[in-house]
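Enquirer: Pasting the sequence and the predicted model now:
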Amino acid sequence: MADPTVEELKAMGLCGPDVMSVRDMLSRGYGESESSARALMDFVNDNTNGFFGIEELRDTDPDGESVLLCLYLNSGDTYDTTLCWVPGEGFVVASWGDIYEEWERGHCEEDHYRCAYCGEWQQCGEAVSAADDVYNCESYHCPSCCEKHCGCGGDGEAAYADEE
């Protein structure tokens with residue numbers, strides 16, 4: 001992942017000397033660890049008016065482990081472009097919403113989907129396979145939620161669909 005460009009840093013509200021300070025920090029290895037990434041992000045947050053602090057985006061993977069997906073400068077909206085730090089990859093100018101969606105789609109490609117009702121990870125069954133379009137997984141839900149909500153058996157086809 002390439003470091004943010006001068007143009008991207010200026011678009012976030014940094015001015016000349018601050019842009020050069022950030023570029024210098026990046027050249028000195030800021031962003032190679034979470035603590036140094038936080039230091040650089042604190043600098044950007046303190047020297048602009050458009051952010052509301054550093055936030056963590058965490059989720060639980062299909063194995064139940066908590067995962068840090070990214071640190072980001074809170075700009076007030078899920079899909080606003082902001083400065084993000086992704087563990088193992090470094091800094092990127094993106095929205096945290098896009099980072100989250102990419103991460104979730106990656107698990108769908110690995111034969112998992114998230115229940116549309118309860119949010120729990122499920123193993124894809126015959127109804128959805130990794131060969132299907134990854135968006136297929138997003139419309140499915142787990143059998144226990146199916147019983148509570150629509151009676152489709154977990155395949156997305158409502159039990160009452162034939163009654164229309």
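Expert: Alright, I've got the coordinates. Numbering: from 1, shown residues only.
Enquirer: now the strands for this structure?
Expert: Counting by DSSP state E, one finds strands in the chain at the ranges 54-60, 66-73, 82-86, 90-94, 112-114, 121-123.
Enquirer: The second one - contacts with which helices or strands?
Expert: Identification of packing neighbours for strand 66-73 by 3 or more C-beta pairs under 8 Å, 6 or more residues apart in numbering; DSSP states H and E yields helix 34-46, strand 54-60, strand 82-86, helix 96-109. The way it works is simple: take the backbone N, C-alpha and C, and place the C-beta from them, glycine included.
Enquirer: which of the residues in that strand are buried?
Expert: Leu69, Cys70, Leu71, Tyr72, Leu73 (16 or more other C-beta atoms under 10 Å).
Enquirer: Nearest to Val6 among those residues?
Expert: Minimum distance to Val6 across these is 17.4 Å, recorded for Leu73 (C-beta to C-beta).
Enquirer: Spatially nearest residue to that closest one (excluding sequence neighbours)?
Expert: Phe51 (4.2 Å; C-beta to C-beta, 6 or more residues apart in numbering).
Enquirer: neighbours around the one you found, how many?
Expert: For Phe51, the neighbour count with other C-beta atoms under 10 Å is 22.
Enquirer: check contacts around it.
Expert: Phe51 sits next to Val44, Asn45, Leu73, Asn74, Ser75, Thr82 when contact means C-beta atoms under 8 Å, 6 or more residues apart in numbering.
Enquirer: Distance check, it against Val6.
Expert: Computed as C-beta to C-beta, to the nearest Å, the Phe51 to Val6 distance reads 18 Å.
Enquirer: Same question for Gly53.
Expert: Counting by C-beta to C-beta - Gly53 and Val6 are separated by 24 Å.
Enquirer: for the chain, which spans come out with low pLDDT?
Expert: 1, 108-110, 116, 124-141, 143, 146-164 (pLDDT under 70).
Enquirer: and it, what are its domains?
Expert: 6-106, 111-158 (automatic domain parsing).
Enquirer: tell me the contacts of the spatially most central residue of the chain?
Expert: Residue closest to the mean C-alpha point of the chain, counted by C-alpha atoms, centre = their mean, is Tyr100 at 1.6 Å. Neighbour list for Tyr100: Leu57, Asp59, Leu69 [criterion: C-beta under 8 Å, 6+ apart].
Enquirer: Over to Trp121?
Expert: Thr60, Asp61, Pro62, His107, His112, Tyr113, Arg114, Cys115.
Enquirer: Thank you kindly, that will do.
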